[in-house]
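Novice: mind folding the following:
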Amino acid sequence: MSDHEWQILICGMSYGAVLTTWLQAWLDSRDARRQRKASAVARRRAAADHYLVSLRLYRLQQRSRV
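Specialist: Next comes the predicted model:
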């Protein structure tokens, strides 16, 4: 191989490494965004469940007083 071909090979490998690193970072950020969204949904559902249990308990207490 000539010097020029070696230089093209090394540059190509460097570009490939940089693009792979960028792709992995992008995929990790996308996964983190999805996990944040899923945890927010889980928090809202837990809060709603807590509210409904509290409401049911309140209604039972009110019913027993009558």
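
Novice: pull the distance from stretch 55-65 to the chain's centre.
Specialist: The chain centre lies 39 Å from the centre of stretch 55-65; the measure is C-alpha atoms, centre = their mean, to the nearest Å.

Novice: what does it rub up against?
Specialist: Outside stretch 55-65, no residue is within contact range by C-beta atoms under 8 Å, 6 or more residues apart in numbering. The way it works is simple: take the backbone N, C-alpha and C, and place the C-beta from them, glycine included.

Novice: tell me which element Gln24 falls in.
Specialist: helix 3-65 (DSSP states H and E).

Novice: okay, Arg56 and Asp49: tell me how far apart.
Specialist: Using C-beta to C-beta, to the nearest Å, Arg56 is found at 11 Å from Asp49.

Novice: next: Ala42.
Specialist: 10 Å.

Novice: can you pull the pLDDT of Arg65?
Specialist: For Arg65, the pLDDT comes out at 77.

Novice: count of residues packed around it?
Specialist: Arg65 has 6 neighbours, counted by other C-beta atoms under 10 Å.

Novice: same check, this time on Val18
Specialist: Using other C-beta under 10 Å: Val18 sits among 10 other residues.

Novice: okay, now the unreliable bits of the protein?
Specialist: 66 (pLDDT under 70).

Novice: centre of the chain to the helix holding Gln24, how far?
Specialist: 1 Å.

Novice: now stretch 47-66
Specialist: The answer for stretch 47-66 is 34 Å, by C-alpha atoms, centre = their mean.

Novice: just the CA trace of that stretch, in PDB.
Specialist: What follows is stretch 47-66, C-alpha atoms only, in PDB (Å, rounded to 0.1, in the frame of the first residue of the first chain):
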ATOM      1  CA  ALA A  47     -50.000   9.200  42.800                       C
ATOM      2  CA  ALA A  48     -53.400   8.400  41.200                       C
ATOM      3  CA  ASP A  49     -53.500   5.100  43.000                       C
ATOM      4  CA  HIS A  50     -52.600   6.800  46.300                       C
ATOM      5  CA  TYR A  51     -55.400   9.300  45.800                       C
ATOM      6  CA  LEU A  52     -58.000   6.700  44.900                       C
ATOM      7  CA  VAL A  53     -57.100   4.600  48.000                       C
ATOM      8  CA  SER A  54     -57.300   7.800  50.200                       C
ATOM      9  CA  LEU A  55     -60.700   8.600  48.600                       C
ATOM     10  CA  ARG A  56     -62.000   5.100  49.200                       C
ATOM     11  CA  LEU A  57     -60.900   5.200  52.800                       C
ATOM     12  CA  TYR A  58     -62.500   8.700  53.300                       C
ATOM     13  CA  ARG A  59     -65.800   7.400  51.800                       C
ATOM     14  CA  LEU A  60     -65.800   4.400  54.100                       C
ATOM     15  CA  GLN A  61     -65.200   6.600  57.100                       C
ATOM     16  CA  GLN A  62     -68.000   8.900  56.100                       C
ATOM     17  CA  ARG A  63     -70.400   6.000  55.500                       C
ATOM     18  CA  SER A  64     -69.700   4.500  58.900                       C
ATOM     19  CA  ARG A  65     -70.500   7.800  60.700                       C
ATOM     20  CA  VAL A  66     -74.000   8.000  59.200                       C
END
